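[1] Let me see the structure of the following:
(chains A and B)
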Amino acid sequence: DTAVSQTPKYLVTQMGNDKSIKCEQNLGHDTMYWYKQDSKKFLKIMFSYNNKELIINETVPNRFSPKSPDKAHLNLHINSLELGDSAVYFCASSPRQSSYNSPLHFGNGTRLTVT
Amino acid sequence: LAKTTQPISMDSYEGQEVNITCSHNNIATNDYITWYQQFPSQGPRFIIQGYKTKVTNEVASLFIPADRKSSTLSLPRVSLSDTAVYYCLAMPSGYSTLTFGKGTMLLVSP
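    Residues are numbered from 1 along each chain as shown, chains lettered A, B, ... in the order given. Predicted coordinates for the structure are as follows:
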């Protein structure tokens, strides 16, 4: 059974469009995250939610809006897509906020290509 | 947050032991050394975490000297399937929200 699943796996779209990526975890974790991995392979935190509440919002353009309807789901909506948004987006979850004995569990990523 | 430095790439052959060293000179007292593994087209996977001395699990061993300024991930008898990127992080005990560096690309050949 997939622990952290995100859809779609691939997303190709044109500049200016609005798109969403969905994420679900069946691990019963309290905390969920969105990470962005760019072409240089750096994996950067974007957002973190704990029990549906936003706790971390790194310097991400406000075109990116996360939504957590419940603690098992964290979706990412992106408005007015730009070329620089092309990257692989990873959803992750952890049992709680603390890193000690609370490792991150990642999904397999969504490769977004903006043309 | 403590910066970590690790080799960009390493090559090995099947059956060999691989040691990947990570430097973290500015590690804080409450930081834990954590390693993740990422296969192509997959998200990173937690391998091992430690604070000091030695930690061993079914996947790897982690050696951390007393001064904690470096650590070594040891993979015994690697196989082709161990080809992946390995990330070293110094994670504060309070949060899991960190940026992963470029990691070490390990290539295991027959």
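[2] And the residue of chain B that's closest to chain A?
    Closest approach between chain B and chain A, counting by Cβ to the nearest Cβ: B:G43, at 2.6 Å. (Each C-beta comes from the backbone N, C-alpha and C, glycine too.)
[3] Phi and psi next, for that residue.
    phi -80, psi 160 (degrees, to the nearest 10).
[4] Show the contacting residues for it.
    Neighbouring residues of B:G43 by Cβ atoms under 8 Å, 6 or more residues apart in numbering or on different chains: A:V4, A:F90, A:A92, A:F106, A:G107, A:N108, A:G109.
[5] Could you do A:N108 as well?
    A:N108 is in contact with A:Q6, A:K9, B:S41, B:Q42, B:G43, counting by Cβ under 8 Å, 6+ apart.
[6] Give me the buried subset of those residues.
    A:Q6, B:G43 (16 or more other Cβ atoms under 10 Å in any protein chain shown).
[7] from the contacts of A:N108, which single one is nearest A:S20?
    Checking these against A:S20 with Cβ to Cβ, the nearest one is A:Q6 at 11.0 Å.
[8] what helices or strands is the helix or strand where the closest one lies leaning on?
    Assigned by DSSP states H and E, A:Q6 belongs to strand A:4-7. Here strand A:4-7 touches strand A:19-25, strand A:87-94, going by 3 or more Cβ pairs under 8 Å, 6 or more residues apart in numbering or on different chains; DSSP states H and E.
[9] Could you list the alpha-carbon positions for that strand in CSV?
    The C-alpha coordinates for strand A:4-7 follow below in CSV (Å, rounded to 0.1, in the frame of the first residue of the first chain):
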residue,chain,number,x,y,z
VAL,A,4,2.3,8.9,0.6
SER,A,5,0.6,9.2,-2.8
GLN,A,6,0.5,12.3,-5.0
THR,A,7,-1.2,12.9,-8.3
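[10] Partner strands of it and their direction?
    Partners of strand A:4-7 in the sheet, by DSSP bridges, are strand A:19-25 (antiparallel).
[11] The strand it pairs with: what's the following helix or strand?
    Taking DSSP H and E, what comes next after strand A:19-25 is strand A:31-37.
[12] Quick check: buried residues in that next one?
    For strand A:31-37, the neighbour count (16+ other Cβ under 10 Å) marks A:T31, A:M32, A:Y33, A:W34, A:Y35, A:K36, A:Q37 as buried.
[13] Give me the distance from stretch A:26-33 to the chain's centre.
    Put simply, stretch A:26-33 sits 12 Å off its chain's centre (Cα atoms, centre = their mean, to the nearest Å).
[14] same deal with stretch B:15-32?
    The answer for stretch B:15-32 is 6 Å, by Cα atoms, centre = their mean.
[15] ok, so what distance separates A:N101 from A:N26?
    In this view, A:N101 and A:N26 are 20 Å apart by Cβ to Cβ, to the nearest Å.
[16] just B:G43 next, same as before
    From B:G43 to A:N26 the distance is 15 Å (Cβ to Cβ).
[17] Thanks a lot, catch you later.
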